[in-house]
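take this sequence and fold it.
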Amino acid sequence: MTHVPTSQGFHVRAGLEEAHLRLAAEGYWAAFERKLRYPLGPVDKAIPFFERVIEPSHAISAVSETGAFLGVAGFKTPEGAFVGGGFSDLVAAYGFGSALVRAALVSVLERPCEEGTLLMDGIFVQDHARGQGVGGALLQAIEDHARAEGLARVRLGVIDTNPRAKALYERRGYEAQGTQSLGVLSKVFGFSHALTMIKPVS
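Numbers count the residues shown, from 1 in each chain. Coordinates of the predicted model:
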C-alpha cells in the first residue's frame, strides 16, 4: 500500500513523513501517557525520545487533503518496530543509571512477533480529527498491509482501562485470545491487565 484516498477527505499512506515525526511523537505520548509515564516520562524527555526512535518504515499514516497529519498506526516485525530504539537510545535520553531502570520497566510491555502475524504497535488519531473515520481507515490499512505481506492475522493489545478501544476492535472482528496480568506492577503502568486480540486477514 502506498497511497489510498478515502471518501472522507483524507489519505492513508505507507510510512511517515519526516515533517510529521514530532507530531507523531507528541501524539504517541498523549495516547499512551498513562501506561508509559513512569517508564519513559516526563513529557519533556519522552517526546524527544520517541522522535529519536520512531521508525517511519513501520508506520501507516493518515493525512488531510492539505497534507496535515491526522494520525498513525504502527506495526512491529522481526526487522523492527514503529517505536524502536535500544538501550543506547534510552541512555542518550535519560542517562545511564536511569536507563537501566527504564529498560527493565519497558521490557515488561514487550510483545514478541509471531510467525504469520502482524503485530500492531500503537494507533492514535489527533484530537481534531476524531469522528471522521480516520481510526477505522488506519486499522483497515494495517489489515490490508498484513494481507499484502502474506500474513494470516493481525494481533494487537488493549488495556483494561480502554473499553472503547476494545469495543471498536470487537466490532471489526478481533477476538480475545489471552490476557497479560501485571500484578504488583499495575500501579506503575496504570492498568492491571492487557488483552491480546487477533483477527484473521488471509
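
just say helix, strand or coil for the residue in the chain sticking out farthest from the centre.
Distance to the chain centre peaks in the chain at residue 97, reaching 26.9 Å (criterion: CA atoms, centre = their mean). Recorded secondary structure, residue 97: helix (DSSP: H, G, I helix; E, B strand; the rest coil).

how near is it to residue 91?
Distance, residue 97 to residue 91, using CB to CB, to the nearest Å: 9 Å. Just so you know, the C-beta spots here come from the backbone N, C-alpha and C atoms, and that holds for glycine as well.

what about the chain, any weak spots by pLDDT?
Along the chain, segments meeting pLDDT under 70 span 1-7.

can you do 90?
For the chain, the stretches with pLDDT under 90 are 1-9, 34, 79, 160-165, 168, 178, 180-191, 202.

please list the outside residues in contact with the longest helix anywhere in the chain.
Scanning the chain for the longest helix, with DSSP state H as the assignment, gives helix 21-40. Contact with helix 21-40 is made by 16, 41, 43, 46-51, 54, 56, 59, 61, 69, 71-72, 83, 102, 105-106, 109, 122, 124, 126, 159, 161, 188-191, as judged by CB atoms under 8 Å, 6 or more residues apart in numbering.

list the buried residues for it?
Buried residues in helix 21-40, defined by neighbour count with 16 or more other CB atoms under 10 Å: 21, 23-29, 31-32, 35-37, 39-40.

repeat for stretch 154-174
Buried residues in stretch 154-174 (16+ other CB under 10 Å): 154-159, 162, 165-166, 169, 174.
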